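Asker: just a sequence and a predicted model for now, questions to come.
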Amino acid sequence: MFAPLAVRDFRLLFLGLLLGQALTPFQFVAQIIWVQLSAPEDLRIVLVGLIAAVRGAGMLLFGLYGGALADRFDRRKLLIATQLAALVLNVAIGVVMVVGSPEGATLVLFYALTFGASALMSIDLPTRQAIVPDIVGRELTTAGIALNAAGGQIALPVAIMSTGFVIDAFGAGVGYLVGSAAHVAQLAALAFMRIRTERGASLGLARPDGRVGSFAGAKLLWRKRLAPGAALRDIRAGLAYTRREPVILWVVVLLIAMMGFGFPAVANLGPTWITTVVGVPVRDFGLVAATWGIGALLASMTLARFSRYERKGRIVAVSALVFGLSFLVFGGGHTVANAVIGNFGLGVSMASAQIAGTALIQLIAPADFRGRVMSLLNLSMGVAQLVTLPLAALGQWIGLEVLFPALALSLLAVTGTVLATRRALWRVHL
């Protein structure tokens, strides 16, 4: 269960993730509360949904490019670069929230900076996922992925519970700046890691020893690696590979369905649902929302303990069904009990599906395709964020009380159809 922690670089990656996940929820919740408390009531849900849509646009536009970069650059150096840039942008977002209000030019700047931060994270995510097998090797890959997920979920419940108190006491802008310290923690961990994952030689971008002999040569190498045309060729190759691998293809399809139907409601509009429809005060919001993290933590620890279980496709399939049922519980009633029970099930099933799905992809895909394939998986998050805006507009019109159950039933119908007609996922054995 804890074998990956014997590897020094994985311990550092794990520690950075643990500290980062403890602070990231401050950013997520603070943005929603900042807009929700100040926006006109007839635009409140739409403007909250626009936050997620802007994030989703950044992920979709740069996600595949980020995967291509993860297969071209030293993954540790790429992570350092994205974290440095993300720190600058997120501090700027926090300052805007402290000194301004969600209206006019301030709101435009707020959304523009959010787009930039999201684009950077769409490069960071596939790179961070692809580096795990490089660090721990094939045998410990599943345990490493599960431990990373568990580490994030250990910090998440405490962080979620703290967000409401900090935002209530100091304001949403200060809460967001607290969350920006996550990037400092990540940078500190990455700085001490020793691993090098030079990808240039395998792509014909460097000499076999991975070196270039002059400044001009180094400059040419960077141009080749960053060139959009070359990245597009890599992206096409990654898409073609994914189409040829039915297990990877249907894992991606299922996770996109889960994220596209469920995540916009339970995550992006969830704080609005809990604080308005259910009626939980902002100060106590974290106590309800933390049940997602508790469920995800239990699922992550269980999968870390049983990481050698070979029927990972079945885990993805069952988790997708449980996610749909939990969503129906969460959105099918307006009580605190519905929110708590449904949220717990959502956390368990989402963590299980993502860990098992990521492990399947990491074990099947070769190293030089891993970043690109993982970027496809991360597109599910971009889709979920982007569709939040039209769903928020629909919810503003018909009411979240009608929208949530309809989305849950639609997700169950899609998931059931995929699992009934695509048997390869049930049979995969790794």
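Answerer: That came in fine, so what should we check first?

Asker: contacts only, for D134.
Answerer: Contacts for D134 (CB atoms under 8 Å, 6 or more residues apart in numbering) come out as R75, I195, T197, A367. C-beta: built from backbone N, CA, C; applies to glycine.

Asker: okay, now the last one: neighbour count?
Answerer: A367 is flanked by 15 other residues according to other CB atoms under 10 Å.

Asker: buried sites along stretch 356-367?
Answerer: By neighbour count on 16 or more other CB atoms under 10 Å, the buried set for stretch 356-367 is A356, G357, T358, A359, L360, I361, Q362, L363, I364, A365.

Asker: let's check: the centremost residue of the protein is which one?
Answerer: In the chain, the centroid-proximal residue (CA atoms, centre = their mean) is M381; its distance is 6.1 Å.

Asker: and the host helix or strand of it, which residues are buried?
Answerer: Assigned by DSSP states H and E, M381 falls within helix 367-386. For helix 367-386, burial by neighbour count (16+ other CB under 10 Å) applies to 369-386.

Asker: report the backbone C-alpha coordinates of that helix in PDB.
Answerer: Extracted C-alpha coordinates of helix 367-386, given in PDB (Å, rounded to 0.1, in the frame of the first residue of the first chain):
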ATOM      1  CA  ALA A 367       5.800   6.200 -22.100                       C
ATOM      2  CA  ASP A 368       6.100   8.400 -25.200                       C
ATOM      3  CA  PHE A 369       2.300   8.500 -25.600                       C
ATOM      4  CA  ARG A 370       1.400   8.800 -21.900                       C
ATOM      5  CA  GLY A 371       1.200  12.600 -21.600                       C
ATOM      6  CA  ARG A 372      -1.000  12.900 -24.700                       C
ATOM      7  CA  VAL A 373      -3.400  10.100 -23.600                       C
ATOM      8  CA  MET A 374      -3.700  11.500 -20.100                       C
ATOM      9  CA  SER A 375      -4.500  14.900 -21.700                       C
ATOM     10  CA  LEU A 376      -7.500  13.200 -23.400                       C
ATOM     11  CA  LEU A 377      -8.700  11.900 -20.100                       C
ATOM     12  CA  ASN A 378      -8.300  15.400 -18.600                       C
ATOM     13  CA  LEU A 379     -10.600  16.800 -21.400                       C
ATOM     14  CA  SER A 380     -13.400  15.400 -19.300                       C
ATOM     15  CA  MET A 381     -12.800  18.100 -16.800                       C
ATOM     16  CA  GLY A 382     -12.700  20.700 -19.500                       C
ATOM     17  CA  VAL A 383     -16.000  19.500 -20.900                       C
ATOM     18  CA  ALA A 384     -17.500  19.600 -17.500                       C
ATOM     19  CA  GLN A 385     -16.400  23.100 -16.800                       C
ATOM     20  CA  LEU A 386     -17.400  24.400 -20.200                       C
END
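
Asker: residues touching the helix or strand just after that helix, excluding its own?
Answerer: Downstream of helix 367-386, the next assigned helix or strand under DSSP H and E is helix 388-398. Counting contacts by CB under 8 Å, 6+ apart, the residues outside helix 388-398 that touch it are 42-46, 48-53, 56, 264-265, 268-269, 403, 407.

Asker: fine, thanks again, bye for now.
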